[in-house]
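Undergrad: Would you be able to build a 3D model of this:
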Amino acid sequence: MRRVILDTGSGVAWLCPQDQHHAWVRRAFKDIAPGSIICEAVLTGACHLAAKEAVPRARVIEFVNRVRLQPISLASELAPIRDLLDRYADWPMDFADACVVRLAELHPDASVCTTDGDFRFFRKNGRETIPLTAPFVS
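TA: You can find the predicted model right below:
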């Protein structure tokens, strides 16, 4: 089992059977270690996007408990997150993406579980690639 940092898309795919990555993420989550990480920004995004697909928002919290994720607050990391948003100002990095990259910097042993191809281009600690668990990674 491996420890991962969840991105919004992987959580939404798990919750929404009609999502194109639903089957992939269900298989991938069988190998995710308890104590894998999810941040508040990803939870917010997952609640918003799941609700658009008629999934009750409370199911996001049930998902966190079922998969035994560790919710993390990044309130003390706003300066480095701002720096990431500045660095990728010309790229479609949103606040949740920046939080996930920051978590990858803080937890170098974890990969990022994502369905978002932009993570192939984001870098942690300036130039390091981010290990990914993703449907586009073999």
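
Undergrad: Quick check: closest non-adjacent residue to the spatially most central residue of the chain.
TA: Central residue of the chain (CA atoms, centre = their mean): residue 7, 1.2 Å from the mean position. What sits nearest to residue 7 in space, not counting adjacent residues and going by CB to CB, 6 or more residues apart in numbering, is residue 114, at 3.8 Å. Quick note: C-beta positions are derived from backbone N, CA and C, even for glycine.

Undergrad: residues contacting that neighbour?
TA: If a contact means CB atoms under 8 Å, 6 or more residues apart in numbering, then residue 114 has 7, 9-10, 100, 132-134 as its contacts.

Undergrad: Report how many residues lie close to residue 64.
TA: Residues near residue 64, counting by other CB atoms under 10 Å, number 18.

Undergrad: where's it, which helix or strand?
TA: helix 58-67 (DSSP states H and E).

Undergrad: where do the strands sit along this protein?
TA: 4-6, 37-39, 70-72, 111-113, 123-124, 128-129, 132-133 (DSSP state E).
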